[in-house]
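# I would like to see how this sequence folds:
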Amino acid sequence: MTSLSTVFEKTRAEGRAALVGYLPAGFPSAEGCVAAATAMVEAGCDVIEVGLPYSDPLMDGPTIQDAVHRAMVNGTRIADVFRAVEGIAATGAATLVMTYWNPVYRYGAERFASSLASAGGVGVITPDLTPEVAGPWREAAAGAGLDTVFLVAPSSTEERIAAVTECCSGFVYAASLMGVTGARASVGAAAEGLVARTRAHTDLPVCVGLGVGTGAQAAEVAAYADGVIVGSAFIRRLLDAPDEATGLKGVTALAEELAAGVRSRA
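Residues are numbered from 1 along each chain as shown. Predicted structure coming up:
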């Protein structure tokens, strides 16, 4: 199991940003998710986020919503998420789960944390969990040795950034723009300033997500952030492919392009 601290120590020593890839568990199939994530790691991803399919997404754009819907139609359950984590963590990449809070709450925070750690997971990203109510989850995660990753946004005040970063371990997730996920023609202009504002409150790595889909965009973000998070662009390669084998080639090519981007300043 590779910890997030180990990943960022390595990337900092190499003078580059980390590449973080996202896929929902169960998409395009249970086996296909692990195969695609493995291909992404072999092509240059340092960290993999495994999405827990959920019926009421708050910040997911149409691409991720489509993938999550397919995963749910495939019958993906929380146990399948842990199996996906186990398979992906076997590659040696640091593997997290990204989930809304309600599934964790219903499953039981301590039970969820323990099951994830047993599967080889190193942390959880909770986009809708606020610092004011995060105490029980932070305790459960700490007891299982998991990192807790929370989000800051361009609209976050200094007080809010301070509160969020105090809850974080592993890294801080900086949303590059206000709105839902999805690859875009350009990364939010507020992202660089948000990273600088966040670093004033913490020594943790700051990773930027939402909107990155090309090697050029990855290089742009890598110039000021500690990590570049890409989800919708990988999913789109799988959605547009006529079969899983072709999709694997697509995510491999994209991961290679993005990996070259984050390494361009090294």
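# Report the buried residues of the helix or strand of the chain with the lowest mean pLDDT.
The helix or strand with the lowest mean pLDDT-type score in the chain, counting by mean pLDDT, DSSP states H and E, is helix 62-73 (a mean of 91). Of the residues in helix 62-73, those buried under the neighbour-count criterion (16 or more other Cβ atoms under 10 Å) are Thr63, Ile64, Gln65, Asp66, Ala67, Val68, Arg70, Ala71, Met72. The way it works is simple: take the backbone N, C-alpha and C, and place the C-beta from them, glycine included.
# do stretch 241-252 as well
Judged by neighbour count using 16+ other Cβ under 10 Å, the buried positions of stretch 241-252 are Ala241, Glu244, Gly247, Leu248, Gly250, Val251, Thr252.
# again with stretch 124-141
Val124, Ile125, Thr126, Pro127, Leu129, Pro131, Ala134, Trp137, Arg138, Ala140, Ala141.
# biggest separation within the residues you listed, which pair?
Greatest spacing in the buried residues of stretch 124-141, by Cβ to Cβ: Pro127 and Ala140 (17.7 Å).
# circling back to that earlier point, got the angle for the helix or strand following the least confident helix or strand of the chain vs helix 62-73?
Towards the C-terminus, the helix or strand next in line after helix 62-73, according to DSSP states H and E, is helix 78-89. For helix 78-89 against helix 62-73, the angle between stretch directions is 120 degrees (axes from the mean of the first three to the mean of the last three Cα atoms, to 10 degrees).
# ok, then the element right after the helix or strand encompassing Ala35?
Of the helices and strands defined by DSSP H and E, Ala35 is found in helix 30-42. The first helix or strand that comes after helix 30-42 along the chain, using DSSP H and E, is strand 47-51.
# So which elements touch that following strand?
In terms of contacts (3 or more Cβ pairs under 8 Å, 6 or more residues apart in numbering; DSSP states H and E), strand 47-51 is packed against strand 18-24, helix 30-42, helix 78-89, strand 94-98.
# Enumerate the positions of stretch 221-232 that are buried.
Going by neighbour count (16+ other Cβ under 10 Å), the buried part of stretch 221-232 is Val221, Ala222, Tyr224, Ala225, Asp226, Gly227, Val228, Ile229, Val230, Gly231, Ser232.
# Tell me which of the residues you listed fall in strands.
Filtering the buried residues of stretch 221-232 for membership in strands, criterion DSSP state E, returns Gly227, Val228, Ile229, Val230.
# Please name the nearest non-neighbouring residue to the third one.
Residue nearest to Ile229 in three dimensions, not counting chain neighbours: Gly209, with 3.2 Å by Cβ to Cβ, 6 or more residues apart in numbering.
# What does that neighbour show for phi and psi?
In terms of degrees, to the nearest 10, the main-chain angles of Gly209 are phi -130, psi 170.
# number of nearby residues for Val50?
Val50 has 30 neighbouring residues, counting by other Cβ atoms under 10 Å.
# Tell me what it is bridged to.
Bridge pairing for Val50 (DSSP bridges) gives the partners Leu23, Val97.
# For Val124, see how far away it is.
Applying Cβ to Cβ, to the nearest Å, one obtains 10 Å for the distance of Val50 from Val124.
# any residues in contact with both of these two?
Shared contacts of Val50 and Val124 (Cβ atoms under 8 Å, 6 or more residues apart in numbering): Leu96, Val97, Met98.
# Of the residues you listed, which is the most crowded?
Taking other Cβ under 10 Å to define a neighbour, the member of the shared contacts of Val50 and Val124 with the most is Leu96, carrying 28 neighbours.
# that older thread, looks like the residue nearest to Ile229 contacts Val172 (just checking).
No. Shown here, Gly209 and Val172 do not form a contact pair, counting by Cβ atoms under 8 Å, at 10.9 Å.
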